[in-house]
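Asker: Okay, here's the prediction I keep looking at, along with the sequence it came from:
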Amino acid sequence: MKLSRNTRVLLALGSGVSLALSFPDYNLPLLAWFSIGMLVLASVGAPPREAPLYGFLHAFVFYPICLPWIATVMNQYGSVPPLLSIGILSLFGIAGGIIWSTFSMSVAYVARRKGVGLSCVLAPFFWLMLEFARTHLPYIGFPWNLTGYAARNSLALLQIAPVTGIWGLSFLIAAYGSLLAYAVLMHQPRVWKIAGAITIALLVIAIGGSYLVPMAPAHHVAHLVQTNFPQSEHYPADWMQQHAGELDQLAQISIDAAKKAPGLIVWPEVPAPFSMQDPPFAARMVRIAKESGSEFLVGVVDWQHVQAQPGPQPSSQNEWNAYNSAVLLDSSGRRTYSYNKVHLVPFGEYVPLRNWLTFAGRLTADISDFTPGVDYSIGHADRPFGTFICYEAIFPNEIRRFAANGAELLINISNDGWFGRSAAPEQHLMMARVRAIESRRWLLRDTNNGFTVSVDPYGRIVAALPTDLRGELEAPYDFRSDITPYVRFGDWLCWLSLLASLLILGIAFARPTHRLQS
């Protein structure tokens, strides 16, 4: 099948656009099932010098279309000029393009050496390998909007996640697209019949199978408090005094809710200058715990003293580190647990390679650098739970560690106010929801201004609070202790894809050249 360069360019651009449109706010998830096949079509038969271009074009349009909020956040809250914000967003597309150019180059190479069939077999494995790679890039690993999330509307398909993680869904979508590309390239009725049968099977499973996903009983209730403070770049020294009335209102909401139905109280990731080292704030939090008679989990900036270290350049006795933390108070107001966020947001909570990227200091000028936590600690509120904070929700292999460490409930606190009413909060919820399914755990997700929800172990949102209001969600939940294959074995499918990709590329390299029919 001979395609012109212009046709290949259009297919590559269409692939990136259609995949981007699969995610919120566009919400056209069916397009994802065709997008990767379009890129395979653009790649097979492409001349060696052109082949990398098509993967580059795919990613170059994908990232800016589905992540425009990045430029908005940097401009509004990082004091980065608009043109520079747009330029940095473009860098996401360029960086992604460099990575995905290896996809089109490899598919084209295998097609030239061994034919269309093996290149279409390579495509889903190589695709998954690249998604795994962009998750683990040093400093800037960013698995936002992985392909598998396009299947979010089917409860039945999502049940792959406890075995493979989100990676199984990415592989399934990529494999289906590759099959369609193979059918187009080969012009064989038998292949089209197979593709049609698989399409029907997927539709039956995706639609009808969702009715067979079991319901999860809930025997406990938590009180998720949505604080709804406006996002600000600057917090004056008298912020607490200015907002004392609102803090009193939130305290009363929390206490009344727990008295009505005893249960854990949760406040979101720190939405304002909250610190347990601030005596008036700490006293207010202790009062809530005591008067409610409940355990109370609250997001704070936790300042911890650095122990002086001997050596040629000993640390200062007055040095303190700031952590983005969740702190649990028991019903007597005693601090019993804290979790320090392990995976910080680059250029938001710290500046990687600060000495090299001096311009990026503006992005953290108002909050300074946080120090990363070192372990995925488990708290106890009746039974063990794990807490993860905001951005950490997008890292599957990290969140599974809580269940592996004994957590029987997951709690995600977040402040998505930085995103405004962009697509980002809904995308963030989309990804957090899959973390519940992978671990087969209830997920309580509490945010500053939305989306505050309770998610059952099968991915259903069973309770939700409207966005942009101050209030409390009576969130049902339960505890589970079973261990899923994904929790036990982690990213096994990604490592298998790496091995399969290397094997196929090795076969193509070692054997005589196959003359591609075009």
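Answerer: Perfect, thanks for sending it. Numbering: from 1, shown residues only.

Asker: What is the neighbour count of Pro82?
Answerer: Burial of Pro82 is recorded as 12 neighbouring residues (other C-beta atoms under 10 Å). Heads up, the C-betas are built off the backbone N, CA and C, glycines and all.

Asker: Spatially nearest residue to it (excluding sequence neighbours)?
Answerer: Asn75 (5.3 Å; C-beta to C-beta, 6 or more residues apart in numbering).

Asker: wait, doesn't that neighbour sit right on Pro81?
Answerer: Yes. With contact defined as C-beta atoms under 8 Å, Asn75 counts as touching Pro81 (7.3 Å).

Asker: Neighbour count for these two, which is higher?
Answerer: Asn75 (18 against 12).

Asker: and that one, what helix or strand is that in?
Answerer: Following DSSP states H and E, one finds Asn75 within helix 69-77.

Asker: following that helix, which helix or strand shows up next?
Answerer: Counting by DSSP H and E, the next helix or strand C-terminal to helix 69-77 is helix 82-114.

Asker: Quick check: buried residues in that following helix?
Answerer: Using 16 or more other C-beta atoms under 10 Å as the test for burial, helix 82-114 gives 85-86, 88-89, 92-93, 95-97, 99-114.

Asker: Give me the mean pLDDT for whichever helix or strand comes after it.
Answerer: Later in the chain than helix 82-114, the nearest helix or strand by DSSP H and E is helix 116-135. Averaging pLDDT along helix 116-135 yields 97.

Asker: Give me the distance from helix 116-135 to the chain's centre.
Answerer: 21 Å (C-alpha atoms, centre = their mean, to the nearest Å).

Asker: Compute the inter-axis angle for that helix and helix 82-114.
Answerer: 150 degrees (axes from the mean of the first three to the mean of the last three C-alpha atoms, to 10 degrees).

Asker: Alpha carbons of helix 116-135, as CSV, please.
Answerer: The C-alpha trace of helix 116-135 is given here as CSV (Å, rounded to 0.1, in the frame of the first residue of the first chain):
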residue,chain,number,x,y,z
VAL,A,116,4.0,-5.8,7.8
GLY,A,117,2.9,-8.6,10.1
LEU,A,118,5.9,-8.5,12.5
SER,A,119,5.9,-4.7,12.6
CYS,A,120,2.2,-4.7,13.7
VAL,A,121,3.1,-7.2,16.4
LEU,A,122,5.9,-4.9,17.5
ALA,A,123,3.7,-1.8,17.7
PRO,A,124,1.7,-2.5,20.9
PHE,A,125,4.7,-3.8,22.8
PHE,A,126,6.8,-0.8,21.7
TRP,A,127,4.0,1.6,22.5
LEU,A,128,3.7,0.3,26.0
MET,A,129,7.5,0.3,26.5
LEU,A,130,7.5,4.1,25.6
GLU,A,131,4.6,4.9,28.0
PHE,A,132,6.6,3.1,30.7
ALA,A,133,9.7,5.0,29.8
ARG,A,134,8.1,8.4,30.0
THR,A,135,6.8,7.4,33.4
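
Asker: can you list contacts of the helix or strand that it is followed by?
Answerer: Counting by DSSP H and E, the next helix or strand C-terminal to helix 116-135 is helix 155-158. Helix 155-158 has contacts (C-beta atoms under 8 Å, 6 or more residues apart in numbering) with 151-152, 169, 172, 202, 205-210, 212-213, 434, 437, 458-460.

Asker: Could you tell me which of these belong to helices?
Answerer: Leu169, Leu172, Leu202, Val434, Ile437 (DSSP state H).

Asker: Now the second one: closest residue in space that isn't a chain neighbour?
Answerer: Spelled out, that is Leu172. Leu172 sits nearest to Ile160 (C-beta to C-beta, 6+ apart), 7.0 Å away.

Asker: wouldn't the one you found be in contact with Leu169 here?
Answerer: Yes. Counting by C-beta under 8 Å, Ile160 touches Leu169, with 5.8 Å between them.

Asker: Which parts of the stretch 151-300 of the chain are strands?
Answerer: Along the stretch 151-300 of the chain, counting by DSSP state E, counting those that start in this stretch, strands occupy 220-226, 265-266, 296-305.

Asker: What are the buried residues along the longest one?
Answerer: I take that to be strand 296-305. Buried residues in strand 296-305 (16+ other C-beta under 10 Å): Phe296, Leu297, Val298, Gly299, Val300, Val301, Asp302.

Asker: Equivalent analysis for stretch 235-247, please.
Answerer: Burial within stretch 235-247, assessed by neighbour count using 16+ other C-beta under 10 Å, is assigned to Met240, His243, Leu247.

Asker: Could I have the CA atoms of it written out in PDB?
Answerer: C-alpha atoms of stretch 235-247 as PDB (Å, rounded to 0.1, in the frame of the first residue of the first chain):
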ATOM      1  CA  TYR A 235      -0.300  34.500  51.500                       C
ATOM      2  CA  PRO A 236       0.000  37.500  53.800                       C
ATOM      3  CA  ALA A 237       1.300  37.100  57.300                       C
ATOM      4  CA  ASP A 238      -2.100  37.700  58.800                       C
ATOM      5  CA  TRP A 239      -3.900  35.200  56.500                       C
ATOM      6  CA  MET A 240      -5.100  33.200  59.500                       C
ATOM      7  CA  GLN A 241      -6.700  36.200  61.100                       C
ATOM      8  CA  GLN A 242      -8.300  37.300  57.800                       C
ATOM      9  CA  HIS A 243      -9.900  33.900  57.300                       C
ATOM     10  CA  ALA A 244     -10.700  33.100  60.900                       C
ATOM     11  CA  GLY A 245     -14.400  33.100  60.300                       C
ATOM     12  CA  GLU A 246     -14.100  30.600  57.400                       C
ATOM     13  CA  LEU A 247     -11.800  28.300  59.500                       C
END
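
Asker: Student question: in this protein, what's the helix or strand with minimum average pLDDT?
Answerer: helix 69-77 (a mean of 79; mean pLDDT, DSSP states H and E).
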